[in-house]
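# quick one, what's the 3D model for this:
(4 chains)
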2 protein chains.
Amino acid sequence: MKPHSKTAPHPRPHPDDWKQSLRRRSGRVTRSRQVILEILRHKPCPLTPQEIAQALAPKHCDLATIYRTLARFEELGMVQRVDLGDGRARFEIAEDQPGGRHHHHLVCRGCSRIVEIDDCIPAELEAQMARQHGFQQITHKLEFFGLCPKCQVRS
Amino acid sequence: MKPHSKTAPHPRPHPDDWKQSLRRRSGRVTRSRQVILEILRHKPCPLTPQEIAQALAPKHCDLATIYRTLARFEELGMVQRVDLGDGRARFEIAEDQPGGRHHHHLVCRGCSRIVEIDDCIPAELEAQMARQHGFQQITHKLEFFGLCPKCQVRS
DNA sequence: GTGGATGCAAAGTGTTTGCATGGAC
DNA sequence: GTCCATGCAAACACTTTGCATCCAC
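Residues are numbered from 1 along each chain as shown, chains lettered A, B, ... in the order given. Take a look at the predicted model:
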């Protein structure tokens, strides 16, 4: 069940295209920015700014810088914000970027483990909603919560 | 399209049952608590603690009290927390309470207007996910975002 | 009268901003 | 050399907590 199949897949940019698009917008390709992007590309789940800071701990990067970088990357459409309802922001590679894809998350209520999920809601559901309420450009956030096998035993 | 039909509807408690269930748990039925519940019952969309404070402005109730009351009500299963991704908590009557029902929200990205939506994801989707990843007691959060008719004109 | 609820103030937590310095181009 | 990015500290918004007082029972 993967009803959210893209009809016209985006052109896949070269992994380093971002450097040019950043420079074009008078931004600079700094070491921090490269490392942050590397970390996001290699992690299987969305990360909080704190987690990113830890991941690049040896090279120490200020939290404020991480926030600013992520905000910039979000503007450029390189990363997207994920909200799992615990009051802290998480970021992952945007779904139309190399290494990204449209997906949702299944979060364990016990240990907070995050599993990525490819299933999605029927596209027709959004279309119908758009018609019914006159809204346009509809997007959605869908997250699942449950108890993972380990935490079922524990409780 | 309303695939989330309840098979066995909860017994509908009397609107004032909460007073007894609160007292049973050694809680007290104070004026603040009654008014807060009244406000939530009469509003068509989830409210932030701030909005609740405004709504009962003449009778002034401290924000801390509102937070504590909502936390208590949430424990008792009377209200539920809604997260629309803007970093502030919202609350509404729980879906199995009198006046509540399972629903989701469609939020305007322009003016933040909130519309309640009865559509839901196919129950089969959750069931399959449970099987596939071994999770249990799966719940979901589903929120839609778009541009309402007014904001389409503006932009 | 007792124990829980409230108001007020202070502390927490995640995030953002101001400003001087450092580094990409 | 110019201008943007960074680090550090202060400011912010929302939420939680401590404590003396108040009130439901």
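
# SS state for the residue lying closest to residue A:87 once chain neighbours are set aside?
Of all residues not flanking residue A:87 in the chain, residue B:87 sits nearest, at 7.0 Å (CB to CB, 6 or more residues apart in numbering or on different chains). For every residue, glycine as well, the C-beta is placed using N, CA and C. Judged by DSSP: H, G, I helix; E, B strand; the rest coil, the three-state class of residue B:87 is coil.

# same question for the one 10 residues further on.
Under three-state DSSP, residue B:97 falls in the coil class.

# show me where chain A has its helices.
A:17-24, A:31-42, A:49-55, A:63-75, A:123-133, A:149-154 (DSSP state H).

# just so I know, which of these lies nearest residue B:58?
Taking CB to CB, helix A:123-133 is the member of those nearest to residue B:58, at 34.0 Å.

# and residue A:22, how close does it get to residue A:58?
Using CB to CB, to the nearest Å, we find residue A:22 at a distance of 24 Å from residue A:58.

# same drill for those two, tell me which one is more crowded.
Each of residue A:22 and residue A:58 has its neighbours counted (other CB atoms under 10 Å in any protein chain shown); residue A:22 has more, 18 against 5.

# list the contacts of the closest residue to that one other than its chain neighbours.
Nearest-residue entry for residue A:22: residue A:29, 6.1 Å, with adjacent residues in sequence omitted and distances by CB to CB, 6+ apart. Residue A:29 sits next to A:19, A:22-23 when contact means CB atoms under 8 Å, 6 or more residues apart in numbering or on different chains.

# just the residues you listed now: which is nearest DNA strand C?
Comparing the contacts of residue A:29 against DNA strand C with CB to the nearest atom of the strand places residue A:23 closest, at 5.7 Å.

# ok, now which ones touch that closest one?
Shown in contact with residue A:23 (CB under 8 Å, 6+ apart): residue A:29.

# need the pLDDT of it.
At residue A:23, the model reports a pLDDT of 93.

# isn't residue A:99 up against residue A:93?
Yes - counting by CB atoms under 8 Å, residue A:93 is a contact partner of residue A:99 at 5.0 Å.

# shared neighbours, the two?
Residues touching both residue A:99 and residue A:93 (CB under 8 Å, 6+ apart): residue A:41.

# ok, the residue nearest to residue A:87 to DNA strand C distance?
As judged by CB to the nearest atom of the strand, to the nearest Å, residue B:87 and DNA strand C stand 7 Å apart.

# count of residues packed around that residue?
Using other CB under 10 Å, the number of residues around residue B:87 comes to 10.

# which ones are touching the closest residue to residue A:115 other than its chain neighbours?
Nearest non-adjacent residue to residue A:115, counting by CB to CB, 6+ apart: residue A:106, 4.4 Å away. Applying CB under 8 Å, 6+ apart to residue A:106 gives the contacts A:114-117, A:143-146, B:129, B:133, B:135, B:138.
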